[in-house]
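S.K.: Sharing a sequence plus its predicted fold:
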Amino acid sequence: MTHPKLGHFELLEQIGKGGMATVFLAYDPSLDRKVAIKLLDEDLAHKDHQFVENFIREARITASISHPNIVQIYSVDQEDGNYYIAMELLEGHPLHEIIKKEGPLNESQALRILFQVVNALQAAYEKQMIHGDIKPMNLFITHEGNTKLVDFGLAKRANIESSVESKRTVWGSAYYISPERVGRKAEDFRSDIYSLGATMLHALVGRPPFTAETSEKLAQKRLNEKAPEVRSLNPAISEKTSEIVGRMLNKSVFLRYLDYAALLSDLRSVQLEGDVERASSKIEAGQHEIRTEQGALLVQMRESLLKIKSKLTNTTELIKLLNPVEQEIPKLKVEPLKLIHPLEPHPFVTTVEPQKHGDTVEPCKPPTISVLPKETTPNPELQSDQVKTEVILEDTIELSETNVAKKHFWPLIIGALILLCLIVGLLFKRI
């Protein structure tokens with residue numbers, strides 16, 4: 001399929017149209033890449049030759065600006081009176097389409113866009129350039145979330161007076177142009193700041209600062225009325241952000257920001273405060289989630305206990321189940337103590353039989369030592385052992401008495417036999 005050509009570019013399809021130009025998707029065979037071609041309207045080119053010359057000159061200067069938040073311009077040229085700019089092809093959506101589809105932006109998203117655009121305008125101003133046409137349509141948000149400042153068609157040198165013919169016509173969107181442009185006064189970077197403030201108000205509240213039925217009435221409102229506060233239209237926006245946008249929208253150029261550095265400083269401070277608040281809210285949300293989980297766990301435990309309680313009919317069993325440590329310890333059954341004979345309360349009792357010289361007796365067993373406790377309160381756990389000890393002591397005492405009896409019995413028998421022999425001897429002598 002053959003595509004129309006503009007220079008060495010092949011125009012594939014139209015992807016956008018504005019008040020002064022039409023944008024095409026094109027193919028650059030020399031570098032084998034796709035680009036965007038912005039073609040100026042033919043009628044506009046023939047009406048103001050000075051404007052066309054300035055456009056070409058400023059486009060070339062813009063091409064020299066290298067910044068991540070400014071669309072890259074590859075070339076500017078013309079063919080048969082058709083003036084065009086070849087530039088970087090962007091994938092995403094213009095800001096005005098996002099607002100139309102999704103409504104007002106949240107504060108953090110709007111501040112991120114504002115911060116990136118201010119950096120881009122500062123880089124352009126260092127090249128003595130002002131954009132001249134800041135509006136939601138010229139802020140392109142890529143799929144990666146980066147902001148690209150596009151359409152430098154009305155860009156011009158800072159503090160350079162426009163031609164007499166150009167002063168008769170006010171270029172730019174009526175909703176966002178600065179009061180000094182409406183009043184046809186000298187413009188500088190603060191005019192871009194005003195237009196950017198109007199764009200941010202639209203992004204935060206969903207509508208431009210001023211609305212009217214006609215361009216003339218809209219211009220009168222901008223010259224005579226104060227721009228509304230962001231916070232009055234959207235209470236969710238912080239007071240600091242509302243103050244920044246309000247200062248950018250001041251009708252007097254002397255009461256706006258004196259330079260981009262001051263604006264960037266305020267943006268950094270409000271972003272830092274927002275990060276701290278978001279971190280705090282995340283911590284509170286996490287703590288709330290933990291408390292919620294703990295509460296749910298307690299409810300589950302309570303329900304489980306109630307189920308267990310409903311299944312148990314005996315209160316004692318429930319107590320044993322919930323408090324196993326506090327169960328009753330079984331008591332030992334102790335029989336009453338039966339004493340064979342009373343024991344004296346002295347601690348030591350020793351039984352020793354004295355030996356008689358000349359007697360041959362069996363060796364005595366070692367003396368039995370009985371250790372008796374002092375009179376104390378009977379211990380039920382020791383009564384059984386005490387009974388056994390006393391029985392052993394009883395047997396030992398009986399054995400000792402038997403041995404003593406045997407020792408006294410043998411001398412009597414021997415003496416009786418000797419006496420009997422003496423009596424028998426005397427009887428035989430008499431006979």
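M.R.: Nice, thanks for sending it over. Quantities reported herein were computed from a predicted structural model and do not represent experimental measurements. Residues are numbered from 1 along each chain as shown.
S.K.: can you list contacts of stretch 101-114?
M.R.: Contact with stretch 101-114 is made by 95, 98-99, 139, 141, 145, 147, 196, 200, 203-206, 234, 236-238, 241, 267, 270-271, 274, 278, as judged by Cβ atoms under 8 Å, 6 or more residues apart in numbering. In this view, the C-beta of every residue, glycine as well, is placed from N, C-alpha and C.
S.K.: quick one: the strands in the stretch 201-350 of the chain?
M.R.: 348-350 (DSSP state E, counting those that start in this stretch).
S.K.: Any regions of it where pLDDT drops low?
M.R.: 274-291, 309-350 (pLDDT under 70).
S.K.: just checking, what packs against the one helix or strand residue 86 maps to?
M.R.: Per DSSP states H and E, residue 86 falls inside strand 82-87. With contacts taken as 3 or more Cβ pairs under 8 Å, 6 or more residues apart in numbering; DSSP states H and E, strand 82-87 sits against strand 33-40, helix 42-47, helix 49-63, strand 73-79.
S.K.: which residues of this protein fall in helices?
M.R.: Under the criterion DSSP state H, the chain contains helices at 42-47, 49-63, 95-102, 107-125, 164-168, 179-182, 189-205, 215-224, 230-233, 239-248, 260-311, 315-322, 383-430.
S.K.: pLDDT (mean, whole number) over the first one?
M.R.: What helix 42-47 shows for mean pLDDT is 78.
S.K.: Likewise for the third one?
M.R.: Per-residue pLDDT values over helix 95-102 give a mean of 95.
S.K.: tell me the angle of it relative to helix 189-205?
M.R.: Per axes from the mean of the first three to the mean of the last three Cα atoms, to 10 degrees, the angle that helix 95-102 makes with helix 189-205 is 10 degrees.
S.K.: right, and residue 88 touches residue 69 too?
M.R.: No: judged on Cβ atoms under 8 Å, residue 88 makes no contact with residue 69 at a distance of 11.9 Å.
S.K.: Could you name every residue contacting both of these two?
M.R.: residue 148.
S.K.: more neighbours, these two?
M.R.: residue 69 (19 against 15; other Cβ atoms under 10 Å).
S.K.: how close does the more buried one sit to residue 4?
M.R.: Note on residue 69: its distance to residue 4, by Cβ to Cβ, to the nearest Å, is 32 Å.
S.K.: What of residue 210?
M.R.: 41 Å.
S.K.: Likewise for residue 22?
M.R.: 13 Å.
S.K.: can you check residue 411 too?
M.R.: When residue 411 is compared with residue 4 (using Cβ to Cβ), they lie 158 Å apart.
S.K.: One more: residue 258?
M.R.: 49 Å.
S.K.: and what of residue 131?
M.R.: Counting by Cβ to Cβ, the gap from residue 131 to residue 4 is 30 Å.
S.K.: Between these two, tell me which one has more neighbours.
M.R.: residue 131 (27 against 10).
S.K.: Report how many residues lie close to the residue lying closest to residue 210 once chain neighbours are set aside.
M.R.: Leaving aside its chain neighbours, residue 210 sits nearest to residue 221 (4.4 Å; criterion: Cβ to Cβ, 6 or more residues apart in numbering). Residue 221 sits with 16 neighbouring residues when counted by other Cβ under 10 Å.
S.K.: do the same with the one 10 residues further on
M.R.: As a burial measure, the neighbour count of residue 231 was computed by other Cβ under 10 Å and equals 19.
S.K.: residue contacts, the closest residue to residue 151 other than its chain neighbours?
M.R.: Ranked by Cβ to Cβ, 6+ apart and with sequence neighbours excluded, the top spatial neighbour of residue 151 is residue 138, at 4.4 Å. Residue 138 makes contact with 94, 131, 149-151 under the criterion Cβ under 8 Å, 6+ apart.
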